[in-house]
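S.K.: structural data only, the sequence is not supplied:
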């Protein structure tokens, strides 16, 4: 073992020694909250372990398809979406040509990402791909007041079909993919592979960590995630 290695303090000990106390709390509340805090510390550590395992993935398959996009600045291929970055994050937006308005859940997620898009763009390239014409995407972007998200149109559906943005019946599916070009070749680094097939009984399909801040906030409330409820485009 590395001589500099320092084993982390057991989560239960950190929770026990945590000095924070809440106004007028009961003994029962503190005992239950400390037990929960230990689990939250373990979850934080597990998230870090999973992120490290993700970073250690071997090189993925080369992105060798005929991927053509229309951006607000003109036509582009997949490599062009990187700009001057070495990593590209692509979200497949459920807004196909047969729909006048997009998926509300995708819109909710992207609305939250809009607030971070300029910051994310300092490190990696972030792009939102949809199968609708670029004119429709730009109009929707303007309607929502999005200024920092980069929306592009998949001109031939090739990218969307290869990288799981289209269901077998031709309907749209949300997808999240990360690409690299570290060795001069564009390769898939990681893709969200959690869906219906990996969902637990009684739960909607979800990723981990969940990319939607909406669910993170609701998860810390006593009501939790309301069953069968999804956000709307307008209220």
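M.R.: It's in. Bear in mind that the values here come from a model prediction, so they are computed numbers and not experimental data.
S.K.: helices and strands of this protein: which one has the lowest mean pLDDT?
M.R.: The helix or strand of the chain with the poorest confidence is helix 213-219; it has a mean of 85 (mean pLDDT, DSSP states H and E).
S.K.: what sits up against it?
M.R.: By Cβ atoms under 8 Å, 6 or more residues apart in numbering, the residues outside helix 213-219 that reach it are 108-109, 112, 206, 210, 224-226, 231. Every C-beta, even on glycine, is put in place using the N, C-alpha and C of the backbone.
S.K.: closest to residue 181 out of the residues you listed?
M.R.: residue 109 (25.7 Å; Cβ to Cβ).
S.K.: next, that closest one: secondary structure please.
M.R.: Under DSSP: H, G, I helix; E, B strand; the rest coil, residue 109 falls in the helix class.
S.K.: name the nearest residue to residue 78, ignoring sequence neighbours.
M.R.: Using Cβ to Cβ, 6 or more residues apart in numbering and skipping the chain neighbours, the partner closest in space to residue 78 is residue 67 (4.3 Å).
S.K.: how close does that neighbour sit to residue 159?
M.R.: 4 Å (Cβ to Cβ, to the nearest Å).
S.K.: give me the common contacts of those two.
M.R.: residue 78.
S.K.: quick one: low-confidence ranges for the protein?
M.R.: Applying pLDDT under 70 to the chain flags the ranges 1-3.
S.K.: quick one: the strands in it?
M.R.: Along the chain, counting by DSSP state E, strands occupy 68-71, 74-77, 87-92, 125-130, 151-154, 175-180, 187-191.
S.K.: partners of the fourth one, with directions?
M.R.: Strand 125-130 pairs in its sheet with strand 87-92 (parallel), strand 151-154 (parallel), by DSSP bridges.
S.K.: among those, which comes closest to residue 145?
M.R.: The closest of the strands paired with strand 125-130 to residue 145 is strand 151-154. By Cβ to Cβ, the value is 13.3 Å.
S.K.: tell me which residues of that closest one are tucked away?
M.R.: Across strand 151-154, burial judged by 16 or more other Cβ atoms under 10 Å covers 151-154.
S.K.: surely residue 175 and residue 162 touch.
M.R.: No. Between residue 175 and residue 162 there is no contact under Cβ atoms under 8 Å: 10.3 Å.
S.K.: which one of these two is surrounded by more residues?
M.R.: Between residue 175 and residue 162, residue 175 has the larger neighbour count (other Cβ atoms under 10 Å), namely 21 against 16.
S.K.: ok, now how distant is the spatially closest residue to the more buried one that is not a sequence neighbour from residue 117?
M.R.: Distances taken as Cβ to Cβ, 6+ apart put residue 92 closest to residue 175, at 3.9 Å, once the chain neighbours are dropped. Here the distance between residue 92 and residue 117 works out to 16 Å (Cβ to Cβ).
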